[in-house]
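[1] Next one to model:
(chains A and B)
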2 protein chains.
Amino acid sequence: MKKSALQQARATYQPKLPKALKGAVKAQFGAPTNSVANQEEIKALFPNTYGLPELTFVEAEASEGKPLNVGVILSGGQAPGGHNVICGLFDGLKAINKDSRLYGFLMGPGGFVDHKYMELTADIIDEYRNTGGFDIIGSGRTKLETQEQFDKGLEILKQLGITALVIIGGDDSNTNAAILGEYYKAIGAGVQVIGCPKTIDGDLKNEFIETSFGFDTATKVYSEVIGNIQRDCNSAKKYWHFVKLMGRSASHIALECALQVQPNVCIISEEVEAKNQTLQDIVNYIADVVAARAEAGLNFGTVLIPEGLIEFIPAMKALIAELNDLLAHNGAEFAAVEGQAAQRQWIIDHLSPANAEIYAALPHGVARQLSLDRDPHGNVQVSLIETEKLLGEMVAKRLKDLKAEGKYSGKFSTQYHFFGYEGRCADPSNFDADYCYALGFNAAMLINSGVTGYMSSVRNLVGGTDQWIAGGIPITMMMNMERRHGEMKPVIQKALVDLNGNPFKQFAANRDLWAKETCYVYPGPIQYFGPSEVCDQCTATLRFEHC
Amino acid sequence: MKKSALQQARATYQPKLPKALKGAVKAQFGAPTNSVANQEEIKALFPNTYGLPELTFVEAEASEGKPLNVGVILSGGQAPGGHNVICGLFDGLKAINKDSRLYGFLMGPGGFVDHKYMELTADIIDEYRNTGGFDIIGSGRTKLETQEQFDKGLEILKQLGITALVIIGGDDSNTNAAILGEYYKAIGAGVQVIGCPKTIDGDLKNEFIETSFGFDTATKVYSEVIGNIQRDCNSAKKYWHFVKLMGRSASHIALECALQVQPNVCIISEEVEAKNQTLQDIVNYIADVVAARAEAGLNFGTVLIPEGLIEFIPAMKALIAELNDLLAHNGAEFAAVEGQAAQRQWIIDHLSPANAEIYAALPHGVARQLSLDRDPHGNVQVSLIETEKLLGEMVAKRLKDLKAEGKYSGKFSTQYHFFGYEGRCADPSNFDADYCYALGFNAAMLINSGVTGYMSSVRNLVGGTDQWIAGGIPITMMMNMERRHGEMKPVIQKALVDLNGNPFKQFAANRDLWAKETCYVYPGPIQYFGPSEVCDQCTATLRFEHC
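    This next block holds a predicted model:
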């Protein structure tokens, strides 16, 4: 494996640990906890792991622990710093006892069920310190949900003498970790389960988990390239750049990038939903900003769009639901209609008037996509819609109308971008390198404390690592009951952008100015070696949430 | 203007100058020069500026020069480091005499012709040191070609007492700088013209100009994000990522990125043309790599594609030429054909058999685009074709055929990317920051030496700045005659990828291995503050060309 110069230099970085994890530690337990909602139902579902106390690590006298055999799984989409969680876990286990062993299950939870694994030895671990990616053992999207999977996995754990499993994943994977932990506890399997909060989307956070790892690095990469685009935009002064950002279920990435780069427009899906805005409302808002800037001679700008926008627009949700229904029940009749124009008209004729109007107003290409591309369950594939182009085209149309009314006389040329894969595997920032290493090291300490059903928690993150607090949070504490695929399930509450939270308020207080003027900020690429004020900044989201 | 932490820290960076420019300098002239081809014709076109000698600066006794009033123009697309050229020029002029003045013409050559300008004073200059973008004065694509423009520009030069003009641009802009210099010399205008080699495309280089500025930084940004995508690709192991890279007239960017990241496939347009490959040949090559990797269980990979590929494919060039012709002469008849299928058939029926076959093999969407989207001159708009998607779709089709023949049994899912605007305005790397500053400072010295029609030249770039050689190259020396828009014109020879050059040979020697194995390298983001081996690397292209 040929390593770049940066990787070679970065390999020597020693992630900083919270003070409490620097020497021997002991667990200090708090009061028993409750889930954030639906306490009775969740208690009933987790009789063995509900109500566990919060746990904080404090310094203790040095004492050698017993060797531990531990398994680790990377679950779901990549996030910067996953390797450092594993490195921290490895170093933590070795600090407890040098004969401890760490096994990685390959390509995600599937490897656990199918008994595909490798032992992670020091020489392998050392190759991956402070690097991006999940390639050390791979990741996958298999969901650990069934008892059959749990039992199948237990076979390999027994075989390898593994007594604890660390699952690195998002809200769903951690929910499943809690269910697995409860099951192993219930059957007396003798296997602890510990979760680690991973997702670039930033939607796994709460009072106890201040941020998920990877969000810091990924948003910095996106902000770098958006900043570069903005500088280009402000130099050439001739394009409107529409930038879609990964993250379907929340708009944290778009909001963080907006706080970093100060674009002319940023749409926040949660606000669209709360205000019951239509697609046309959003289009009109953008068109008004374009027109106002054109008035000032500024025929250029930037628009940030969260990937999940369409699914947050109440009217679009209703249209999509009716379309799914219509095509499920009348698919054969629709399929018999010949020609695109006739198909389009057939759909308009068969939708309720409100939805027919919305459908008719969509650009033909998008409307067609909604009627043709369906997933194996017969559902419209919303994720195939290129939202950034849809908005750009609809804004162009709206501007044409405004021009006809004499309300706009500018030029409108567009460029489109979608950023996601560019940031999920970047080398972790100093923040993520430290945070992830601490999460992994801390997970080893949780295992050594004998607990199960906990998420590794490192808190008080805005200050330096010296002020970080290490411990564990019972996963059931973060749960509520939600409807998923028609059934009520216990799940970790997903953190959407809080419209009353400080990050959104900061954005809302400034966006009119940013729309009108050109207030672009150019963050530049992540720096690993320079002055601390450049290299060790946390996200604006974290700062505003806690300061 | 709110500045990011990086910008604040980076503002203090002091670009390094070549030894010869550190103190007072004097010009040392070489022998008279000749153009690279068509000597007689070019001599006739440049009677006053042909055959000038090469110029090198050497140390001299300190002596104060006269104050100089100088104008500067940014011409064409953005490139990282443009601001540092202007900062170096400013500092150079002030070093010659503190009463020198620098004027910037706004939004490119258009500002020169229209008399839009600003004086660049120390406080303005200091705001832009080591930053990306061209926003200090803006750039534009107006071409300086006519005597009327030259005369109009001269008015403002006279009015401001400007005796020298620095034009920062690509091959075309520098060609025009030479023509302008010749004209001002011929009419005794008393205005020197100096060019500076700018373009991220890397196609302005030759024996005397080792690289154009911006290429280093832009390719590093692209390599960063491609590297990140490759790490994701190698972690998730489920996508083929098709990455199109900016640069229509040469493939230097794609080649440099390939040398940096070691992708599975990189197409070099110049090779496609030299080998007279068809679109289908390229598709088959990619499909074969996909199939071979699938055979080894690797259903993922990366493909780099230069933006200008389509126009380099001889058969596509012929098809496009015939289409332009056909639709120009029979546009009315074609417009009368109703329905997409009938239009498609009409085109197939009216093309020559060879071109009809190529047209029929194109995905319908692309074929349709070729028949409908025409520019104001009636020409097919090749640049609108999303080459990355075209190739992805055709590869999918080819794989389906291979599967039917039992020669392929893998999975093929794609992701598409296009990188260009992400890199053109990045903060310049240390190399570009130093190189650009030196080019600008050196331009001031050329002005002080009284020459005109020269390009600022800083050479011997692979060693440290201490070994850099500063001087000037007569622009006519780089010229030959080429047909442009039907007329023979004197132009600077565009540097295409040299298939006998060392950079291409390095790529060609390794590509089969990179295709089969997974040899990805992850360069990471540009570092400005770290160890020299990380921060001060030049491009692989430059290194391989000169070592």
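
[2] Enumerate the residues of the stretch 151-300 of chain A near chain B.
    Proximity of the stretch 151-300 of chain A to chain B, by CB under 8 Å from any CB of the partner chain, involves residues A:221, A:224-225, A:227-229, A:231-237, A:241, A:260, A:262. For every residue, glycine as well, the C-beta is placed using N, CA and C.

[3] So which of those belong to strands?
    A:His241 (DSSP state E).

[4] Wait, a strand at A:Ser457?
    Yes: looking at A:Ser457 with DSSP: H, G, I helix; E, B strand; the rest coil, it is inside a strand.

[5] Setting aside sequence neighbours, what's the nearest residue to it?
    Once flanking residues are discounted, A:Ser457 sits nearest to A:Ile473: 4.7 Å by CB to CB, 6 or more residues apart in numbering or on different chains.

[6] Quick check: which element contains that neighbour?
    In this structure, A:Ile473 sits in strand A:469-474 according to DSSP states H and E.

[7] what helices or strands is that strand leaning on?
    In terms of contacts (3 or more CB pairs under 8 Å, 6 or more residues apart in numbering or on different chains; DSSP states H and E), strand A:469-474 is packed against strand A:25-32, strand A:53-59, helix A:430-448, strand A:454-459.

[8] so after that strand, what's the next helix or strand?
    strand A:479-484.

[9] Pull out the buried residues from the helix or strand following that following strand.
    On the C-terminal side of strand A:479-484, the closest following helix or strand by DSSP H and E is strand A:487-492. For strand A:487-492, burial by neighbour count (16 or more other CB atoms under 10 Å in any protein chain shown) applies to A:Pro490, A:Val491, A:Ile492.

[10] Look up how far chain B lies from A:Gly450.
    32 Å (CB to the nearest CB, to the nearest Å).

[11] do A:Leu160 as well
    Distance from A:Leu160 to chain B, by CB to the nearest CB: 24 Å.

[12] quick one, what contacts that residue?
    A:Asn69, A:Gly71, A:Tyr103, A:Tyr117 (CB atoms under 8 Å, 6 or more residues apart in numbering or on different chains).

[13] Could you dump the residues you listed into TSV with pLDDT and distance to B:Phe419 added?
    As requested, the contacts of A:Leu160 are arranged in TSV below (pLDDT from 0 to 100; distance: CB to CB, whole Å):
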residue	pLDDT	distance to B:Phe419
A:Asn69	98	45
A:Gly71	98	39
A:Tyr103	98	39
A:Tyr117	98	37
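
[14] Of those, which belong to strands?
    Among the contacts of A:Leu160, the members falling in strands (DSSP E) are A:Asn69, A:Gly71, A:Tyr103, A:Tyr117.

[15] out of those, who's nearest chain B?
    Checking those against chain B by CB to the nearest CB gives A:Tyr117 as the nearest, at 16.5 Å.

[16] Just give me the neighbour total for the closest one.
    Residues near A:Tyr117, counting by other CB atoms under 10 Å in any protein chain shown, number 20.

[17] Wait, it touches A:Val70, no?
    No: if you go by CB atoms under 8 Å, A:Tyr117 and A:Val70 don't touch, sitting 11.8 Å apart.

[18] shared neighbours, those two?
    The contact sets of A:Tyr117 and A:Val70 overlap at A:Tyr103 (CB under 8 Å, 6+ apart).

[19] most tightly surrounded among the helices and strands packed on strand A:469-474?
    Mean neighbour count (mean count of other CB atoms under 10 Å in any protein chain shown) peaks for helix A:430-448 among the helices and strands packed on strand A:469-474, with a mean of 28.

[20] does chain B sit close to that one?
    No: judged by CB under 8 Å from any CB, helix A:430-448 and chain B are separated, with a smallest distance of 12.1 Å.

[21] now stretch A:8-27
    Yes: contact of stretch A:8-27 with chain B (CB under 8 Å from any CB) involves A:Gln8, A:Ala9, A:Arg10.

[22] Where do the strands of the stretch 251-400 of chain A begin and end?
    Counting by DSSP state E, counting those that start in this stretch, the segments of the stretch 251-400 of chain A that form strands are A:265-266, A:301-306.

[23] elements contacting the longest one?
    Secondary structure elements in contact with strand A:301-306, counted by 3+ CB pairs under 8 Å, 6+ apart, are helix A:215-236, strand A:240-245, helix A:252-261, strand A:265-266, helix A:279-295, helix A:387-404.

[24] 6 Å instead?
    Counting contacts by 3 or more CB pairs under 6 Å, 6 or more residues apart in numbering or on different chains; DSSP states H and E, strand A:301-306 packs against strand A:240-245, helix A:252-261.

[25] Name only those of the ones in strands among the contacts of A:Leu160 that count as buried.
    For those, buried by 16+ other CB under 10 Å: A:Asn69, A:Gly71, A:Tyr103, A:Tyr117.

[26] low pLDDT regions in chain A?
    Chain A contains residues with pLDDT under 70 at A:373, A:376-378.

[27] Please list all residues in contact with A:His72.
    You called it His, but residue A:72 is Val. Counting by CB atoms under 6 Å, 6 or more residues apart in numbering or on different chains, A:Val72 makes contact with A:Ile86, A:Gly104, A:Val166.

[28] before we move on, back to that, out of the strands of the stretch 251-400 of chain A, indicate the one that is most buried.
    Comparing the strands of the stretch 251-400 of chain A by mean neighbour count (mean count of other CB under 10 Å), strand A:301-306 comes out on top with a mean of 26.

[29] what about it, distance to the chain center?
    Relative to its chain's centre, strand A:301-306 lies at 19 Å (CA atoms, centre = their mean, to the nearest Å).

[30] Next: stretch A:411-429.
    Worked out by CA atoms, centre = their mean, stretch A:411-429 lies 15 Å from the chain centre.

[31] any idea how far A:Ile358 is from A:Asp401?
    Distance from A:Asp401 to A:Ile358, counting by CB to CB, to the nearest Å: 17 Å.

[32] Which one's more surrounded, these two?
    Between A:Asp401 and A:Ile358, A:Ile358 has the larger neighbour count (other CB under 10 Å), namely 20 against 12.

[33] I figured that one hits A:Leu319, correct?
    Yes: in this structure, A:Ile358 is within contact of A:Leu319 by CB atoms under 6 Å, at 5.1 Å.
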